[in-house]
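Peer 1: Predicted model and sequence below, questions to follow.
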Amino acid sequence: MKKNIAIIMGGYSSEYKISLTSGNVVHKYLNKEKFNTYRIHIFKDKWVYVDEDNEEYPINKNDFSVNLEKETLRFDCIFNAIHGSPGEDGLMQAYFELIGIPQTSCDYYQSALTFNKRDLLSVLKPYGIHAAPSYYLNLGDTIDEEAIIEKVGLPCFVKANKAGSSFGISKVHEKENLKAAIDNAYKEDDEIIIEAFLDGTEVSVGVITYRGEIKVLPITEIVSENDFFDYEAKYEGKSQEITPARISTIQQKKVEEIAKRAYEVLKMKGYSRSEFIFIGDEPYMLEMNTTPGLTTESILPQQAEKEGISLEELFTSAVDEALNKKG
């Protein structure tokens with residue numbers, strides 16, 4: 001008997017449009033011979049099942065079921081395609097754990113930790129994983145521009161601590177632009193991380209659990225036409241994403257080892273995509289994404305394709321892993 005799979009998409013953050021695209025790709029490619037797939041839109045004002053005619057049916061939040069005209073629809077597994085809150089910060093993971101439905105992404109603690117850039121890098125530091133010099137601000141803190149520049153130098157990056165898809169991020173070249181960048185980051189989050197600019201090759205490393213084993217996918221080199229890998233570069237064609245990356249064998253081995261170490265140390269499951277910049281042969285971690293983009297143009301699916309893993313295989317394996325964990 002086929003399993004019912006709910007593909008959750010949308011979310012509460014600026015990334016909701018990208019998430020809807022990812023979710024629809026999963027809906028298209030997930031193995032229909034094994035699974036019945038259902039699109040579930042998660043928004044602040046509504047949780048709804050959207051059928052093939054775009055009719056909406058409310059989700060019962062008590063057990064995540066749907067009352068249809070002749071039956072009650074229940075789900076065997078959740079495929080998480082929400083980027084940002086509440087799908088990438090632990091909220092949905094904790095909810096599904098409480099009501100006993102397996103889901104494809106990492107567990108709630110790992111999700112909350114990795115979504116918080118400051119906490120993630122602090123936790124990984126004792127394991128020899130390097131990060132750029134940084135300065136932290138919370139909303140309401142006094143802004144000491146001299147102290148910030150003394151710590152991280154110029155140029156620097158001002159980032160929302162808990163946001164994705166390069167929302168709330170600015171590259172600051174001059175001191176007089178620092179305040180505007182901080183204000184921009186606060187539009188996305190009440191916590192900020194300001195990091196030193198690292199001038200080196202940027203790469204993205206996918207690590208996934210695939211058919212029961214942790215697998216490091218082929219590495220992607222990011223070459224942005226803009227000043228950095230911003231939203232326009234990521235989603236509007238203003239960058240080159242070169243897979244496999246044009247890096248040395250030493251660099252490749254190092255970054256593969258570190259990305260896998262981070263995945264194992266954090267007891268991750270499901271998909272992850274971590275970003276690094278090389279200074280010489282040493283990779284410095286920027287962040288880890290636990291529900292990365294899953295469109296046909298997204299980096300993780302590109303990497304899987306280079307590894308010989310089709311979208312159907314990539315998505316179906318994630319559901320199989322989640323169902324097997326339950327068993």
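Peer 2: Arrived safely, thanks for sending. Since the structure is predicted, the reported quantities are computational estimates derived from the model, not experimental observations.
Peer 1: so what's the backbone phi/psi at P301?
Peer 2: phi -60, psi -40 (degrees, to the nearest 10).
Peer 1: who's in contact with it?
Peer 2: Contacts for P301 (Cβ atoms under 8 Å, 6 or more residues apart in numbering) come out as 294-295, 311, 314. Every residue, glycine included, has its C-beta placed from N, CA and C.
Peer 1: ok, it to K2 distance?
Peer 2: Per Cβ to Cβ, to the nearest Å, P301 is found 24 Å from K2.
Peer 1: For E321, identify the helix or strand it belongs to.
Peer 2: helix 311-326 (DSSP states H and E).
Peer 1: lowest-pLDDT helix or strand in the chain?
Peer 2: The helix or strand of the chain with the poorest confidence is helix 231-235; it has a mean of 50 (mean pLDDT, DSSP states H and E).
Peer 1: Just list what the very next helix or strand once past it packs against, helices and strands only.
Peer 2: Remark: after helix 231-235, the chain's next helix or strand is strand 239-242, criterion DSSP H and E. Where contact means 3 or more Cβ pairs under 8 Å, 6 or more residues apart in numbering; DSSP states H and E, strand 239-242 is packed against strand 220-224.
Peer 1: Just checking: what are the partner strands of the strand it packs on?
Peer 2: Strand pairing for strand 220-224, determined by DSSP bridges: strand 202-210 (antiparallel), strand 239-242 (antiparallel).
Peer 1: Comparing these, which yields the minimum mean pLDDT?
Peer 2: Note on the strands paired with strand 220-224: strand 239-242 shows the lowest mean pLDDT, a mean of 88.
Peer 1: List the buried residues of that strand.
Peer 2: Neighbour-count burial for strand 239-242, counted by 16 or more other Cβ atoms under 10 Å, picks out 239, 241.
Peer 1: which ones are touching G270?
Peer 2: 80, 104-106, 208-209, 290, 318, 321-322.
Peer 1: quick revisit: residues contacting the helix holding E321, please?
Peer 2: 3, 5, 25-26, 29-31, 34-35, 76-79, 102-104, 208-212, 269-271, 294, 296, 300-301, 304-305, 309.
Peer 1: among those, which ones are buried?
Peer 2: 5, 25-26, 29-31, 35, 76-79, 102-104, 208-210, 269-271, 294, 300-301, 304-305, 309.
Peer 1: Find the residue at the geometric middle of the protein.
Peer 2: N289 (2.8 Å; Cα atoms, centre = their mean).
Peer 1: Now do the phi/psi pair for it.
Peer 2: According to degrees, to the nearest 10, N289 has phi -100, psi 130.
Peer 1: Please apply the same query to Y29.
Peer 2: phi -100, psi -20.
Peer 1: average pLDDT for the helix holding E321?
Peer 2: 93.
Peer 1: the inter-axis angle of it versus strand 202-210?
Peer 2: 60 degrees (axes from the mean of the first three to the mean of the last three Cα atoms, to 10 degrees).
Peer 1: which residue sits farthest out from the middle of the chain?
Peer 2: Outermost in the chain, Cα atoms, centre = their mean: K70 at 37.5 Å.
Peer 1: Just say helix, strand or coil for that one.
Peer 2: For K70, the assignment made with DSSP: H, G, I helix; E, B strand; the rest coil gives coil.
Peer 1: right, and V50 touches R39 too?
Peer 2: Yes. Distance between V50 and R39: 4.8 Å, which falls inside the contact criterion (Cβ atoms under 8 Å).
Peer 1: burial measure for the closest residue to N31 other than its chain neighbours, as a count.
Peer 2: Computed as Cβ to Cβ, 6 or more residues apart in numbering, the closest residue to N31 that is not its neighbour in sequence is T316, at 4.5 Å. Using other Cβ atoms under 10 Å, T316 has 20 other residues around it.
Peer 1: if I look at T316, how far off is A132?
Peer 2: For T316 relative to A132 (Cβ to Cβ), the value is 37 Å.
Peer 1: about what we covered before: show me which residues of the helix holding E321 are buried.
Peer 2: Of the residues in helix 311-326, those buried (16+ other Cβ under 10 Å) are 311, 313-323.
Peer 1: just to revisit the earlier point, so which of the strands paired with strand 220-224 gets nearest S19?
Peer 2: Across the strands paired with strand 220-224, S19 has its closest neighbour in strand 202-210 (18.0 Å, Cβ to Cβ).
Peer 1: Show me what secondary structure element comes after that closest one.
Peer 2: strand 213-216.
Peer 1: strands paired with that next one, and their directions?
Peer 2: Partners of strand 213-216 in its sheet, by DSSP bridges: strand 202-210 (antiparallel).
Peer 1: Tell me the gap between the strand it pairs with and the middle of its chain.
Peer 2: What separates the centre of strand 202-210 from the centre of its chain is 11 Å, taken as Cα atoms, centre = their mean, to the nearest Å.
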